[in-house]
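**Q** I would like to see how this sequence folds:
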Amino acid sequence: MTHAEVIASFDSIDGQLAVGGLPLERLAARVGSTPFFAYDRGRLTARVGSLRAALPDRINLSYAVKANPMPAVVQHLSGLVDSFDVASAGEMRTALDTPMPPARVSFAGPGKTDTELSQAIAAGVTIEMESAGEASRVLRIGDHLGIRPRVAIRVNPDFQVKGSGMRMGGGPQQFGVDVEQVPSLMADLAAMDIDFQGFHVFAGSQNLNADILCDAQRKTVDLVLALADKSPWPVRYVNLGGGLGIPYFDKDAAVDLDAVGANLATLVEESIDPNLPEARVVIELGRYIVGECGIYVTRIVDKKVSRGRTYLVVDGGLHHQLAASGNFGQVIRRNYPVSIGNRMDDPVDPDPATVVGSLCTPLDLLGDNMSLPAAEVGDLVVLFQAGAYGLTASPTAFLGHPAPAEVLV
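**A** Okay, the predicted model is just below:
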């Protein structure tokens, strides 16, 4: 998928990019300042619709709030997805402020504090336990509160998912209980007063290869079935993780969602239904749901030429969009899709331009040597694929610049 195709997937009105039906300059006036993030409500709805169409009915869709915890986004998604996954007490509060039932909220992540565990138990969310030590604290806190904890075990599988942006399973990990240790943990917990739900396996993220994703799903189902045979309790919850990526860089291929859905349908029919007919089977997605539904908008405040290279200096930067700067896991920096949002019909300038932010560091690079329309001070630069891991994954306090606004339109 080329950058041009990503940009063309958005509407334009009178030569301006449009978000939620609003031309960009009008949206900027509505927001009142730049930089800002804008998320398109209609695109979010359509994205979930495309997932529903491709996935078998038996599969529940969970939104990983960490991808974009903006309250308005989470509220909107609460009416579209089946459950939420959170990774902190703050995200849990956001999820519980929506109509989503607490029993459809799961809490994963290492290093949960006693206070967070107490809040989760009191709320009735599912705690996905990451270690034997965490399990013992859950039991102690539940006993103190007089509440039966609702729990699952997060499993660190004995396989890795190649091609993932981040590998979160296989080998030694801070995430989950090593699969070979799960049977003994279940035996230790068997006599305890817990409301055991099942298992969560998340092996990797940001993967664009459907064959690799399908193989990981097959291995995950086999692993869960083996653990279910040793479980003292009925298995009522199986979280297969997610890992579906989105194309950030020029010529990245979008993941074949139909192939993933067909593989899941086969697994449901041949493996899950015959063995775990009562289990709620979950696919947990964050970036794939919200990533392509958002943009980051920043205004050009200076234009300069230095030894033959044109620089467009904007009022935003890596403190809002760390990933686009190349400082969030990229080994070799590559450009995200970028456009001049108020010049969508203008021809490309034969002289490339480099977009840099307002921070006093050479790391603050948003677009390197890019083919863009000729831009001037006051124009609006748009970074695409900005709906996930943008604002909350960036060092907003760096150098003391103000935080950007976020809007859902």
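
**Q** just confirm L17 is within a strand.
**A** Yes - the assignment for L17 (DSSP: H, G, I helix; E, B strand; the rest coil) places it in a strand.

**Q** so what's the nearest residue to R104 once chain neighbours are set aside bridging to?
**A** Closest residue in space to R104, ignoring its immediate chain neighbours: S83 at 4.0 Å, by C-beta to C-beta, 6 or more residues apart in numbering. All C-beta spots, glycine's among them, are computed from the backbone N, C-alpha and C. When bridges are called by DSSP bridges, S83 pairs up with S62.

**Q** touching, S83 and V282? I think so.
**A** Yes - counting by C-beta atoms under 8 Å, V282 is a contact partner of S83 at 6.5 Å.

**Q** what's the overlap in contacts for the two?
**A** Each of 60-62 lies in contact with both S83 and V282 under the rule C-beta atoms under 8 Å, 6 or more residues apart in numbering.

**Q** circling back to that earlier point, and the residue nearest to R104, how far from S339?
**A** Using C-beta to C-beta, to the nearest Å, S83 is found at 35 Å from S339.

**Q** of these two, who's got more company?
**A** Neighbours were counted for S83 and for S339 using other C-beta atoms under 10 Å; S339 has more, 27 against 22.

**Q** the more buried one - that's part of a strand, no?
**A** Yes - S339 forms part of a strand when assessed by three-state DSSP.

**Q** could I get the buried residue list for the longest helix along the chain?
**A** For the chain, the longest helix by residue count, based on DSSP state H, is helix 210-229. Within helix 210-229, the residues that qualify as buried by neighbour count (16 or more other C-beta atoms under 10 Å) are 210, 212-214, 216-217, 219-221, 223-225, 227-228.

**Q** before we move on, what about stretch 185-201?
**A** With the criterion 16+ other C-beta under 10 Å, stretch 185-201 contains buried residues 185-186, 189, 192, 194-201.

**Q** below-threshold pLDDT in the protein: ranges please.
**A** Applying pLDDT under 70 to the chain picks out residues 160-172, 331.

**Q** the stretch 51-200 of the chain: strands as residue ranges?
**A** Listed in chain order, the strands found in the stretch 51-200 of the chain under DSSP state E, counting those that start in this stretch are 59-64, 83-86, 105-107, 126-129, 150-156, 166-167, 177-178, 195-201.

**Q** could I get the ones you listed as CSV with distance to D143?
**A** Conversion of those to CSV gives the following (distance: least, C-beta to C-beta, whole Å):
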stretch, distance to D143
strand 59-64, 29
strand 83-86, 24
strand 105-107, 19
strand 126-129, 14
strand 150-156, 13
strand 166-167, 36
strand 177-178, 21
strand 195-201, 14
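
**Q** which among these is found nearest to D250?
**A** Across those, the minimum distance to D250, taken as C-beta to C-beta, is reached by strand 166-167, at 21.6 Å.

**Q** what's the spacing between G378 and Y248?
**A** G378 is 28 Å from Y248, where distance means C-beta to C-beta.

**Q** okay, these two: which has more neighbours?
**A** Counting neighbours by other C-beta under 10 Å for G378 and for Y248 shows that Y248 has the greater number, 24 against 10.

**Q** my read is that the more buried one contacts A386, right?
**A** No - applying C-beta under 8 Å, one finds Y248 not in contact with A386, separated by 10.1 Å.

**Q** what touches both of those two?
**A** Counting by C-beta under 8 Å, 6+ apart, the shared contacts of Y248 and A386 are Y336.

**Q** what residues of the top strand by length along the chain count as buried?
**A** Among the segments of the chain that qualify as a strand by DSSP state E, the longest is strand 294-306. Buried residues in strand 294-306, counting neighbours by 16+ other C-beta under 10 Å, are found at 294-300, 303.

**Q** could you list the paired strands of it along with their orientation?
**A** The strands that strand 294-306 pairs with in its sheet are strand 36-39 (antiparallel), strand 309-314 (antiparallel), strand 380-383 (antiparallel) (by DSSP bridges).

**Q** quick one: closest of those strands to A28.
**A** Among those, the nearest to A28 by C-beta to C-beta is strand 380-383 (6.4 Å).

**Q** so after that closest one, what's the next helix or strand?
**A** Next helix or strand after strand 380-383 toward the C-terminus (DSSP states H and E): strand 405-408.

**Q** helices and strands around that next one, which ones?
**A** Under the contact definition 3 or more C-beta pairs under 8 Å, 6 or more residues apart in numbering; DSSP states H and E, strand 405-408 sits against helix 24-31, strand 36-39, helix 71-78.

**Q** residue contacts, D97?
**A** Under the criterion of C-beta under 8 Å, 6+ apart, the neighbours of D97 are 71, 74-75.

**Q** do the same with L391
**A** By C-beta under 8 Å, 6+ apart, L391 lies in contact with 37, 70, 320, 403-404, 406.

**Q** over to S62?
**A** Contact partners of S62, counting by C-beta under 8 Å, 6+ apart, are 81-85, 106, 239, 282-285.

**Q** got it, and V268?
**A** With contacts defined as C-beta under 8 Å, 6+ apart, V268 is in contact with 56, 58-59, 281.

**Q** sorry, back to before: reformat the buried residues of strand 294-306 as a markdown table; add distance to L96.
**A** As requested, those are exported to a markdown table (distance: C-beta to C-beta, whole Å):
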| residue | distance to L96 |
| --- | --- |
| G294 | 24 |
| I295 | 29 |
| Y296 | 28 |
| V297 | 31 |
| T298 | 33 |
| R299 | 37 |
| I300 | 41 |
| K303 | 47 |
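
**Q** coming back round to it: please list only the buried members of the contacts of D97.
**A** Buried members of the contacts of D97, scored by 16+ other C-beta under 10 Å, are 74-75.

**Q** for L399, grab the count of nearby residues.
**A** Counted with other C-beta under 10 Å, the burial measure for L399 works out to 13 neighbours.

**Q** surely it is in contact with H319?
**A** Yes - L399 sits in contact with H319 when judged by C-beta under 8 Å, with a separation of 6.8 Å.

**Q** return every residue with contacts to both of those two.
**A** Looking at what touches both L399 and H319 (by C-beta under 8 Å, 6+ apart), the common residues are L359.
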